[in-house]
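A.B. asks: I'd like to go over a predicted model; first the sequence, then the structure.
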Amino acid sequence: MSLATPQSDRELITLAVPVLNEEAYIASCLESLLTQGDTHRLEILVLDGGSQDRTAAIVQAMAARHPEIRLVENPARLQSAAVNLAARIAARESRILLRADAHAWYPPGFVTGVVAALRAQKATSVVVPMLTVGEEGLQRGIAAAQNSRLGNGGSAHRLGRRSEWVDHGHHAAFDRAFFLSIGGYDERFTHNEDAELDLRAQAAGGRIWLCADHPVTYFPRKDLASLARQYMKHGAGRARTLLKHRLRPKPRQMAPVIALLANLAALLVAPFWAPALLVPALYAALCLGWGVWLAIRGGDPWLAAAGPAAMTMHMAWGLGFLRSLVRHRGERRFTVPASAS
């Protein structure tokens, strides 16, 4: 006699998957999510922000075979708006919302694990460690940079060695009612909307649990140009969050800004005082030498690219941060929409 829980008695969990031109990753992401229905029923909402590649066609083909999947148009395009939309249109009975990244792969038991942690800890949200994995060439060096303290500054969700209460992390599961009660993500944010939400969540009495037992695998950008664009947006988002909440940046957040300003100042002074070039030279030597050391230690020549990747991340993040400081000074504070309160 089977002891399996009848399908109709299983709790429904909603998974929100924001996408925009993700044809290279969306199929494997959804396949990893489809295996998660071991103890729950799944509602997988793929929210497309207007993809110009084959993303929508791939999702539609998979939806034809798997009724759990539904393709939803996201007119606002941003991932913050996508998750907010999912929280609003999810099935009435769904009480837990999971955010999934199309650039990620989710191990078996992930949904069960984070939902159990949300309930056991009586948390309002659960965050998880993110292990960055490069599959080929330069991407391996970029992954090494993102997994390192030199690249990530020691972020809890990048290290994630033990489960604990945290201020912020890589978003996984939310209590849907609480998420809606604080207005969801601020849709003015293209990046760092997760950290900004965590600040408001804690101010409203929310609690964030880092579940170290269920890391996700993330696939980074494959070239330095797209990495630079991504990190400029990350830096801009962080500056906007600090301005909005009138916070002081942490030392690790200021490190790339200081590196950028020091290198720029040295280059400006160098025509008049050549020794100033020692500043960018030493910075480059540190990053490039570290990459070479990784390559030798790991026996993979591509890991040497971690040095240029780290430099790209630092300079792009710092530039995005400074530009955003100027652009968003005096911006009005976020208020919870009436429909969400």
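C.D. replies: That came through, no problem.

A.B. asks: Now do the phi/psi pair for residue 131.
C.D. replies: Backbone geometry at residue 131, expressed as degrees, to the nearest 10, gives phi -100, psi 120.

A.B. asks: in the sheet, who's paired with it?
C.D. replies: On DSSP bridges, the residues paired with residue 131 through beta bridges are residue 217.

A.B. asks: got a pLDDT number for it?
C.D. replies: The per-residue pLDDT reported for residue 131 equals 89.

A.B. asks: I figured it hits residue 218, correct?
C.D. replies: Yes: under the criterion of Cβ atoms under 8 Å, residue 131 is in contact with residue 218, at a separation of 6.8 Å. Using the backbone N, CA and C atoms, a C-beta is placed for each residue, glycine as well.

A.B. asks: Mind checking which of the two has more residues around it?
C.D. replies: residue 218 (19 against 16; other Cβ atoms under 10 Å).

A.B. asks: do you know how far residue 221 is from residue 148?
C.D. replies: 16 Å (Cβ to Cβ, to the nearest Å).

A.B. asks: typo on my end, it should be residue 63
C.D. replies: In this structure, residue 63 and residue 148 are separated by 38 Å, where distance is defined by Cβ to Cβ.

A.B. asks: which of the two has more neighbours?
C.D. replies: For residue 63 versus residue 148, neighbours defined as other Cβ under 10 Å are more numerous around residue 148 (19 against 16).

A.B. asks: For the more buried one, give me phi and psi.
C.D. replies: phi -100, psi 160.

A.B. asks: Give me the next element, helix or strand, following the lowest-mean-pLDDT helix or strand in the chain.
C.D. replies: Counting by mean pLDDT, DSSP states H and E, the weakest-scoring helix or strand in the chain turns out to be helix 156-159, with a mean of 62. Tracing the chain past helix 156-159, the next element assigned as helix or strand by DSSP states H and E is strand 164-166.

A.B. asks: quick one: contacts for residue 60?
C.D. replies: Residue 60 makes contact with residue 71, according to Cβ atoms under 8 Å, 6 or more residues apart in numbering.
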